[in-house]
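Visitor: Here is the input, now give the coordinates:
(one chain, ligands or ions: 1)
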Amino acid sequence: ALYNSLAELPTNKTYDFVVVGGGTGGSVVATRLTENSNTSVLVLEAGPSNRGILNATVPFYGFYITTGTEIDWNYTTTAQPGFGGRSVISRAGHVLGGSSSVNGMIWVRGSVADWNHLANVSGDPGWGWDNIYTYYKKLEQYTPPSTGKDVSGEYDPSVHGTSGPLGISMPGVTEDTDARVINTTKEFPDEFPFVLDYNNPDTPIGMGWVQNTIRDGTRASAAYAYLTDSVLARSNLDVVVNTRVTKLTGSTNGTIDTAQVTNADGSVTSLKASKEIILSAGTISDTRILLNSGIGPASQIQNLKGVELVKDIPDVGQNLADHMIMPIIWRVNSTNTIDYYAQHPEAAQAALEQWQTNKTGRFASGEPFQAGFFRLNESDPEVQSMIQKYGDPATGPDSPHIEMVALNGNPSGVSAAGGYYFALACVNLVPYSRGNVTLNPSDPLGQPLVNPNYYDHPMDIFIVSQCMRMAIKFASGSAFKGYLEDNYVGLEGVIDSNGNINEDALYANARNITVAGDHQIATNIISPKGASTGVVDPDLKVKGINGLRIVDLSIFPHTPASHTESIVYAISERASDLIKQEYA
Ligand SMILES: Cc1cc2nc3c(=O)[nH]c(=O)nc-3n(C[C@H](O)[C@H](O)[C@H](O)COP(=O)(O)OP(=O)(O)OC[C@H]3O[C@@H](n4cnc5c(N)ncnc54)[C@H](O)[C@@H]3O)c2cc1C
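Guide: The predicted structure is shown next:
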């Protein structure tokens, strides 16, 4: 059942597993484990239920509307030297379904090389692509858009699953910029080849149509797709929302079996698992919980007020990485962009009403509609020399370095101020920079110190600058002539009157404007059993502790050449099988 507070939870029940965090990973693992009616699971989620929250349900809203609301943790990074000292918002869902309830819904699976790399670094071939591909096919359910738009020629059905819980769909309406973007791939086929399906493991490179975690015109979050009414009706599953876990404890040294919740009146409620605690609170929140439980680097824990060391694991909270997004935005000669809704409340209301009536119309889709995945241009001598100096940051020779996203509007959502826009957003998929999550010693339960160290490594901003050059080329296509007016954000001082690019200005814009990718990863990295580094073993159990496993994005050791919800779904599907096998 679903309970709105701990006070509602019956007190006479016991559970095999307590899942901390009902987010992307937690929703999957709770659903899969309770397929066995002999296994009981309690999920504790800090945020509210996703049900009835339009911001977590209407696909169009996912784009920008949830920042600053109660369904996001609204973390802020520390001042980032690579960003000219700016702090940026680092978002994560604070609602059932977690970040899958607030994200951009873009479905990109992670490259073959990324998964094979995971198999190599963990020493477990089961994390390799061949096995993970079977999980993707198991969990996906490709469905046509609710609007009835014909999407043939926009993806390759043969590489997707059709009967899993997670709905995947394509943009359901046509935008003015669709043809401009697709035509540009035809005009510049060498630099920007059209790709029918970037999720085809054999052809990840190119620009094509975005696939979304949307079903029946509705956001298909992990809560919507997995924690359905019938799953929540299972007698062996209880989910409690509005319940934040502060600490994990154990009965004997070296065993963790209890999740503690500090109630509003200061009292503590302990929730016990007879088999395991499964930590699925996400990359940033995991570290706060582990450090407050005395699990992590001894050097830090010794300084934390009121916390005693339980297990010294130096890598907890280390290795934090994130993608970063550098938007380039132009004013356009059109009002037919998503900015229109920000500036015309009556149009937004009508679109919402249409969505509420039959889940169609513009609000049944997200934004963007196209994205491209590219390698650096290895015939460019500058690229060659950077790769020679620092190595190729991609996990394999066919794995992309760069993502370029095309948006029919201003991605920051501030266009209520006026104007109509087109944007190309540049993403470095393979940053070398690593940071960490630490706590304020005098307030360990307070806001964690999130430091992704953006642009710390010289290769990282170089790759973004290469993507910016690509975006300038893309926007020079004939399809954009007369459509793009002046540059609004991203290219200040970059192009001189002769059309030459000023490298210093390119870098300065990147430092001043780039924002977080919200793909925070790697604070609990996987390593082989017995390794002296890393946080979890290949079966995702925390090293040197009994009864504690981590199932979320934090275990993945590097940023994948993709978006990250797909990584979590695959990790948690396989983790569920590993857990089921262990207790069979
Ligand atoms: C704004 C945004 C846009 C994104 N866009 C995309 C995209 O388009 N495509 C894509 O693939 N990925 C995207 N991502 C990333 C992707 O959604 C995440 O990487 C992924 O969902 C993370 O899954 P997780 O299970 O690790 O954590 P989460 O899904 O974040 O789950 C963690 C859960 O734990 C809960 N929790 C945390 N602390 C506690 C506590 N102390 N007690 C109890 N519960 C707790 C949280 O409230 C949350 O529900 C985006 C993310 C954000 C934030």
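Visitor: When you work out contacts or count neighbours from here on, use the C-alpha atoms and nothing else.
Guide: OK.
Visitor: Up against the ligand, what does the stretch 1-150 of the chain have?
Guide: 20-25, 44-47, 91-100, 102-107 (C-alpha under 6 Å from any ligand atom).
Visitor: What about those, which are in strands?
Guide: Among these, the members falling in strands (DSSP state E) are Val20, Leu44.
Visitor: Among the residues of the stretch 1-150 of the chain next to the ligand, which lie within helices?
Guide: Thr24, Gly25 (DSSP state H).
Visitor: got any ranges where the chain has weak pLDDT?
Guide: 63, 413-417 (pLDDT under 70).
Visitor: quick check: domain ranges of it?
Guide: Domain assignment for the chain by automatic domain parsing gives 1-105+220-320+437-449+520-584, 169-215+324-428+456-513.
Visitor: wait, which of those is closest to Asp156?
Guide: domain 169-215+324-428+456-513 (5.7 Å; C-alpha to C-alpha).
Visitor: Quick one: end-to-end distance for that closest one.
Guide: Domain 169-215+324-428+456-513 has its terminal residues 31 Å apart, counting by C-alpha to C-alpha, to the nearest Å.
Visitor: That one and the ligand in contact?
Guide: No - Domain 169-215+324-428+456-513 is not in contact with the ligand by C-alpha under 6 Å from any ligand atom; minimum separation 7.9 Å.
Visitor: Not counting sequence-adjacent ones, nearest residue to the residue in the stretch 251-400 of the chain that the ligand sits nearest to?
Guide: Per C-alpha to the nearest ligand atom, Ala281 is where the stretch 251-400 of the chain lies closest to the ligand, at 3.3 Å. Excluding the flanking residues, the one nearest Ala281 by C-alpha to C-alpha, 6 or more residues apart in numbering is Gly21, at 4.4 Å.
Visitor: so the one you found touches Ala46, yeah?
Guide: Yes - assessed by C-alpha atoms under 8 Å, Gly21 is found in contact with Ala46 at 6.9 Å.
Visitor: Which one of these two is surrounded by more residues?
Guide: Gly21 (34 against 27; other C-alpha atoms under 10 Å).
Visitor: residues in contact with the more buried one?
Guide: Gly21 is in contact with Val43, Leu44, Glu45, Ala46, Gly98, Leu279, Ser280, Ala281, Gly282, counting by C-alpha atoms under 8 Å, 6 or more residues apart in numbering.
Visitor: how about CSV for those residues, with distance to Glu346 added?
Guide: Formatted as CSV, these follow (distance: C-alpha to C-alpha, whole Å):
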residue, distance to Glu346
Val43, 40
Leu44, 39
Glu45, 36
Ala46, 35
Gly98, 31
Leu279, 44
Ser280, 40
Ala281, 38
Gly282, 37
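Visitor: Go through those and single out the one with the most neighbours.
Guide: Among the contacts of Gly21, the one with the most neighbours (other C-alpha under 10 Å) is Gly98, at 34 neighbours.
Visitor: Could you identify which of the domains of the chain is most buried?
Guide: When you average the neighbours per residue for each of the domains of the chain (mean count of other C-alpha atoms under 10 Å), domain 1-105+220-320+437-449+520-584 leads with a mean of 21.
Visitor: chain center to that domain: distance?
Guide: 14 Å (C-alpha atoms, centre = their mean, to the nearest Å).
Visitor: ranges for the strands of the stretch 401-550 of the chain?
Guide: Applying DSSP state E, counting those that start in this stretch to the stretch 401-550 of the chain gives strands spanning 402-407, 421-428, 435-438, 449-451, 484-489, 515-516, 548-550.
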